[in-house]
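J.: Using only what follows, build the 3D model:
(one chain, ligands or ions: 1)
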Amino acid sequence: MRITIAADHNGHALKARLTAWLTAHGHTVDDRGSHSEETVDYPPLCAEVCRQVVDGTAERGIVLGGSGLGETIACNKVRGIRAGLCHDLWSTRISRGNNDSNVLVLAAKVLSPELAEEIVETWLSTPFNGGVHARRLEQIAALEREEGRQR
Ligand SMILES: O=C(CO)[C@H](O)[C@H](O)COP(=O)(O)O
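T.: Below is the predicted model:
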């Protein structure tokens, strides 16, 4: 899978580990930074990843922060993005099965590296369930279009 990935200063070390893991498992990874502990603002990194997913340059995106909360808010501002903040395997399966998430957000200050790898593996291998969830996603997309017209 073509995956684009980014992290702020809190997530860059975990990003490096996940990038190595993804590459070792046959994925093509586009690492958009950052690459150090120097403080950076996460919204532009989220925008870059999400726009790559929406325009098809990448099939999926992964974003890492300290808590991941702001990243999730930022990613979900991009039309067509369904970003889920996942701390455990159960919510990861829901994020894919029910929400068809196309961006995974991870909290580097919460997760162990081992659990982060398990979450990524689960997120990449869990299919969207469709059915009633497809109808709800269409309702979310309609809300997004409606809000876009009003601003
Ligand atoms: O997780 C995050 C946002 O949700 C960021 O990593 C966090 O807010 C950055 O804060 P600081 O500059 O204090 O490290």
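J.: any low-confidence regions in this structure?
T.: 151 (pLDDT under 70).
J.: now the strands for it?
T.: Using DSSP state E, the strands of the chain run over residues 2-7, 28-31, 60-65, 83-85, 103-107.
J.: Out of the ones you listed, the one nearest the ligand is which?
T.: strand 60-65 (3.0 Å; C-beta to the nearest ligand atom). (Glycine included, C-beta is placed from N, CA and C.)
J.: Which elements pack onto that closest one?
T.: Counting contacts by 3 or more C-beta pairs under 8 Å, 6 or more residues apart in numbering; DSSP states H and E, strand 60-65 packs against strand 2-7, helix 12-24, helix 42-54, helix 69-75, strand 103-107.
J.: now the angle from the second one to strand 60-65?
T.: Computed by axes from the mean of the first three to the mean of the last three C-alpha atoms, to 10 degrees, the angle separating helix 12-24 from strand 60-65 equals 160 degrees.
J.: List of residues touching the lengthiest helix in the chain?
T.: Across the chain, the longest stretch assigned as helix under DSSP state H is helix 132-150. Applying C-beta atoms under 8 Å, 6 or more residues apart in numbering, the external contacts of helix 132-150 come out as Arg79, Gly80, Arg82, Gly97, Asn98, Asn99, Asp100, Phe128.
J.: Give me the phi and psi for the fifth one.
T.: For Asn98, the backbone dihedrals (degrees, to the nearest 10) come out as phi -100, psi -40.
J.: Which positions in the protein make contact with the ligand?
T.: By C-beta under 6 Å from any ligand atom, the residues of the chain that approach the ligand are Asp8, Asn10, Thr39, Tyr42, Gly65, Gly66, Ser67, Gly68, Leu69, Gly70, Glu71.
J.: That'll do, ta.
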